[in-house]
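*Asks:* Need a 3D model of the sequence below.
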Amino acid sequence: MSSKIRVVIGKPGLDGHDRGAKVVARALRDAGMEVIYTGLHQTPESIVEIALQEDANAIGLSVLSGAHNHLFRKVLKLLKEKNAEEIVVFGGGIIPDDDAKDLMKEGVIGIFGPGTPLDEIVAFVKDNVKVIE
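*Replies:* Numbering: from 1, shown residues only. Okay, the predicted model is just below:
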């Protein structure tokens, strides 16, 4: 088994803007992580299934559509249903501070807004995502 952090980067919902997700995916990959990018217009179910199939340690969600509360919560619920709560969830997008705080209370480990330095995201993932061997 690999000792690298494995991260699935998902773009759930109808949002068609994935530049930020691709930039974060590349930064994580360049920092030595294994990254699986799901592509646009994924369902929470497909993202969780990919994370399970790929033996991921984390799921990073990118949501710009305003549906962040529903989409993040659905991913958390599905992970719980699949007994896969060891897969941590973080993400970013246009998410108001109050919503971000609520999502973090429910289990999301971190939320990053537009303009967050990439080295901050990389350091956060390295510090908060553990490889289970």
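*Asks:* okay, and for this structure, where does confidence drop off?
*Replies:* 1-2, 132-133 (pLDDT under 70).
*Asks:* Please repeat the previous calculation with a cut-off of 90.
*Replies:* For the chain, applying pLDDT under 90 flags the ranges 1-3, 14-17, 130-133.
*Asks:* all strands for it, in order.
*Replies:* Ranges of strands within the chain are 6-10, 34-37, 58-63, 88-93, 110-112, based on DSSP state E.
*Asks:* any chance of the ones you listed in a markdown table, plus mean neighbour count?
*Replies:* In short, each C-beta sits where N, CA and C put it, glycine included. What follows is the strands of the chain, written out as a markdown table (neighbours: other C-beta atoms under 10 Å):
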| stretch | mean neighbour count |
| --- | --- |
| strand 6-10 | 26 |
| strand 34-37 | 19 |
| strand 58-63 | 26 |
| strand 88-93 | 24 |
| strand 110-112 | 22 |
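*Asks:* Would you reformat those as a markdown table and include distance to residue 46?
*Replies:* As requested, those are arranged in a markdown table below (distance: least, C-beta to C-beta, whole Å):
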| stretch | distance to residue 46 |
| --- | --- |
| strand 6-10 | 8 |
| strand 34-37 | 12 |
| strand 58-63 | 11 |
| strand 88-93 | 15 |
| strand 110-112 | 22 |
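*Asks:* can you tell me which residues contact the residue most central in space within the chain?
*Replies:* Residue closest to the average C-alpha location in the chain (C-alpha atoms, centre = their mean): residue 60, at 1.1 Å. Residues in contact with residue 60, defined by C-beta atoms under 8 Å, 6 or more residues apart in numbering, are 7-10, 21, 24-25, 28, 89-92, 125.
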